[in-house]
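Student: pasted the sequence and its predicted model underneath.
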Amino acid sequence: MQTERKIRVLIAKPGLDSHDRGAKVVARALRDAGMEVIYTGLRQTPEQIAETALQEDVDVIGLSILSGAHKTLFPRIMDLLKKKGLTDVTVFAGGIIPEEDVEEMKKLGIKEVFGPGTPTERIIKYVLENVPKRT
Amino acid sequence: MTKVEELAQGVLSGEIRSIARAITVIENNAPEAKKLVSSIYPHTGKAHIIGFTGAGGAGKSTLIEKIVREYRRNGKTVGVVAVDPTSPFTGGAFLGDRIRMQELSTDPGVFIRSMASRNYPGGIARATKDAVKVLDAAGKDIVIVETVGAGQSEVEIIKVAQTVVVVHAPGLGDEIQAIKAGIMEIADIFVVNKADRENANKTVMDIQAILQLNNKETAWKPPVLKTVALTGEGVPQLIEKIEEHRLLLEKGLKHKGSREKAEAELIEAIKEKVVSSVLEGLRKEGKFEQLVGEIVEREIDPASAAEKLLKKALKDAEA
């Protein structure tokens, strides 16, 4: 039997906003691109997200947030991921994240931010090109 | 220590990252997978493995969440493997069973893993059996497997689970149709979920009626239970029945079941080995491609072509 690796992506919704149409659109697009997508559902705490990423051994995490709480929640999430040893996971974000905050988010370790209206092809391409190499 | 030995050690000590990595190695059929499984195998056999199957929409995930909570209240640790279907066209999968169990993510006594079927038939994934072994070896008291949920043809679960729970709900379609052969025969326990619906009692009676038609004398008569997963009603009683079944397995049924399972696993392992090693060789034969062409041109049928190839291979082997 051949080795078969699939890209596992976690799409997570931190915080209290209840809009997940965008998250689901991205999740479906990644699925249609051949990836295995784990969706957490709404209202996740940073602890839930980090623990899920750990148990599911994901390659990539997409954080979707529309409530404006990214400045509080993203640092907590990135910190927990580091504490759990998940430093080789590629993290990107989407939703409502103002231009002026993007630099700050990237400093935390979030590799890319995709605003509303980003074509899904772009996100798919990004994920395919930024999957961490696993030994 | 080699990486595999390190990983195995991590699994045996219950370390979460190792468990997660080990399952990935197995799922991807990485070169280390076989060595990993053989390292942990001697440490398996302690967990109670429970399979949950039944049509989509019956409430399996919600019910499992309540069951896990109840087990945790009783001081048990639990592993869950939730399988969802892989798209046969794109190869991708949307794994959403976890959504209903997310509150349990931060409970250190619970490990939840979502798995895509990767087009393996019968409601589970090829890697499900070995992922269960990992959770067993890691010390989980209970391992729950939730099948894809496509309905009647999901009987592979009996090869993985010791206790099979079939979850049904009223109003999922023609009551009798929905409980045909296959699933009817593999259930150790029937659950009618969403029992707060008005036709729930009829569903229970329909299932009981069909079970009575089966008049084999068996040590275990599958009970038909009612639950309301959303509220947790009926869950303690379900766990009681699962426990009863486990005790029965321990007393005697177990050995029979274990031998059958072990035999099935050995045969499957042999098939896999034979196919991979023999097929490899045959493909390299020039004759292979030639025969493919002949099949397309309708000059020979596939079965005869296979015989030709195998006859040649056997002759060469004897030479």
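Tutor: Happy to help now that I have it.
Student: and stretch A:10-25, does that touch chain B?
Tutor: No - Stretch A:10-25 lies apart from chain B when judged by Cβ under 8 Å from any Cβ of the partner chain; the minimum separation is 8.8 Å. No exception for glycine: its C-beta is placed from N, CA and C like everyone else's.
Student: just the buried residues of that stretch, please?
Tutor: A:10, A:11, A:12, A:13, A:14, A:15, A:17, A:20, A:22, A:23, A:24 (16 or more other Cβ atoms under 10 Å in any protein chain shown).
Student: list, one by one, the residues from chain A near chain B.
Tutor: A:1-6, A:8, A:27-28, A:30-41, A:44-45, A:47-48, A:51-52, A:54-57, A:84-85.
Student: show me what contacts residue A:19?
Tutor: Counting by Cβ atoms under 8 Å, 6 or more residues apart in numbering or on different chains, residue A:19 touches residue A:66.
Student: now swap in residue A:98 and tell me
Tutor: Neighbours of residue A:98 in contact, by Cβ under 8 Å, 6+ apart: none.
Student: phi, psi of it?
Tutor: phi -60, psi 140 (degrees, to the nearest 10).
Student: pLDDT below threshold where in the chain?
Tutor: You didn't say which chain, so I picked chain A. For chain A, the stretches with pLDDT under 70 are A:1, A:135.
Student: chain B was what I was after
Tutor: Looking at chain B by pLDDT under 70, you get B:151-153, B:173-182, B:214-217, B:253-257, B:317-319.
Student: where do the helices sit along it?
Tutor: B:3-12, B:16-27, B:33-40, B:60-73, B:128-137, B:183-186, B:200-213, B:235-248, B:254-284, B:286-296, B:302-318 (DSSP state H).
Student: for residue B:193, find the nearest of the ones you listed.
Tutor: helix B:60-73 (5.8 Å; Cβ to Cβ).
Student: enumerate the positions of the closest one that are buried.
Tutor: B:60-72.
Student: I'd like those laid out as JSON lines, including distance to chain A.
Tutor: Formatted as JSON lines, the buried residues of helix B:60-73 follow (distance: Cβ to the nearest Cβ, whole Å):
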{"residue": "B:60", "distance to chain A": "16"}
{"residue": "B:61", "distance to chain A": "11"}
{"residue": "B:62", "distance to chain A": "12"}
{"residue": "B:63", "distance to chain A": "17"}
{"residue": "B:64", "distance to chain A": "15"}
{"residue": "B:65", "distance to chain A": "12"}
{"residue": "B:66", "distance to chain A": "17"}
{"residue": "B:67", "distance to chain A": "18"}
{"residue": "B:68", "distance to chain A": "14"}
{"residue": "B:69", "distance to chain A": "16"}
{"residue": "B:70", "distance to chain A": "21"}
{"residue": "B:71", "distance to chain A": "17"}
{"residue": "B:72", "distance to chain A": "15"}
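Student: and the residues you listed, which two are furthest apart?
Tutor: Among those, B:60 and B:72 lie farthest apart (Cβ to Cβ), at 18.4 Å.
Student: who touches stretch B:284-293?
Tutor: B:282, B:300, B:305, B:308, B:309, B:312, B:313.
Student: deepest-packed of the helices of chain B, please.
Tutor: helix B:128-137 (a mean of 25; mean count of other Cβ atoms under 10 Å in any protein chain shown).
Student: tilt between that helix and helix B:16-27?
Tutor: Put simply, helix B:128-137 runs at 160 degrees to helix B:16-27, going by axes from the mean of the first three to the mean of the last three Cα atoms, to 10 degrees.
Student: what's helix B:128-137 packed up against?
Tutor: helix B:3-12, helix B:16-27, helix B:33-40, strand B:78-84, strand B:110-116, strand B:142-146 (3 or more Cβ pairs under 8 Å, 6 or more residues apart in numbering or on different chains; DSSP states H and E).
Student: list of residues touching it?
Tutor: Here helix B:128-137 has contacts from B:11-12, B:19, B:22-23, B:26-27, B:33, B:37, B:40-41, B:43-47, B:49, B:79, B:81, B:83, B:111, B:113, B:115, B:120, B:125, B:143, B:145, B:159-160, B:265, using Cβ under 8 Å, 6+ apart.
Student: just to revisit the earlier point, now tabulate the buried residues of helix B:60-73 in CSV and tack on distance to residue B:129.
Tutor: Converted to CSV, the buried residues of helix B:60-73 look like this (distance: Cβ to Cβ, whole Å):
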residue, distance to residue B:129
B:60, 19
B:61, 21
B:62, 25
B:63, 23
B:64, 19
B:65, 23
B:66, 26
B:67, 21
B:68, 21
B:69, 26
B:70, 26
B:71, 22
B:72, 25
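Student: what is the nearest of those to residue B:278?
Tutor: Using Cβ to Cβ, the buried residues of helix B:60-73 come closest to residue B:278 at residue B:60, 39.3 Å.
Student: got the contact list for the closest one?
Tutor: Applying Cβ under 8 Å, 6+ apart, the residues contacting residue B:60 are B:52, B:53, B:54, B:97, B:146, B:147, B:149, B:167.
Student: same check, this time on residue B:11
Tutor: Neighbours of residue B:11 in contact, by Cβ under 8 Å, 6+ apart: B:18, B:19, B:22, B:40, B:134, B:137, B:138.
Student: what about residue A:117, how many neighbours?
Tutor: 6 (other Cβ atoms under 10 Å in any protein chain shown).
Student: need phi/psi at it.
Tutor: phi 90, psi 0.
Student: mind giving me the domain ranges of chain B?
Tutor: B:1-43, B:45-252, B:268-318 (automatic domain parsing).
Student: straight-line length of the first one, end to end?
Tutor: The separation between the terminal residues of domain B:1-43, taken as Cα to Cα, to the nearest Å, is 19 Å.
Student: and it, how far from the chain's centre?
Tutor: Centroid separation between domain B:1-43 and its chain, computed with Cα atoms, centre = their mean, to the nearest Å, is 19 Å.
Student: before we move on, back to that, mind putting the contacts of stretch B:284-293 into a markdown table with distance to chain A?
Tutor: A markdown table is the format used below for those (distance: Cβ to the nearest Cβ, whole Å):
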| residue | distance to chain A |
| --- | --- |
| B:282 | 16 |
| B:300 | 28 |
| B:305 | 23 |
| B:308 | 25 |
| B:309 | 20 |
| B:312 | 24 |
| B:313 | 20 |
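Student: residue nearest the centroid of chain A?
Tutor: The centroid of chain A falls nearest to residue A:62 when counting by Cα atoms, centre = their mean (1.3 Å).
Student: gap between the residue lying closest to residue B:77 once chain neighbours are set aside and residue A:2?
Tutor: Closest residue to residue B:77 apart from its sequence neighbours, by Cβ to Cβ, 6 or more residues apart in numbering or on different chains: residue B:109 at 4.4 Å. Residue B:109 is 36 Å from residue A:2, where distance means Cβ to Cβ, to the nearest Å.
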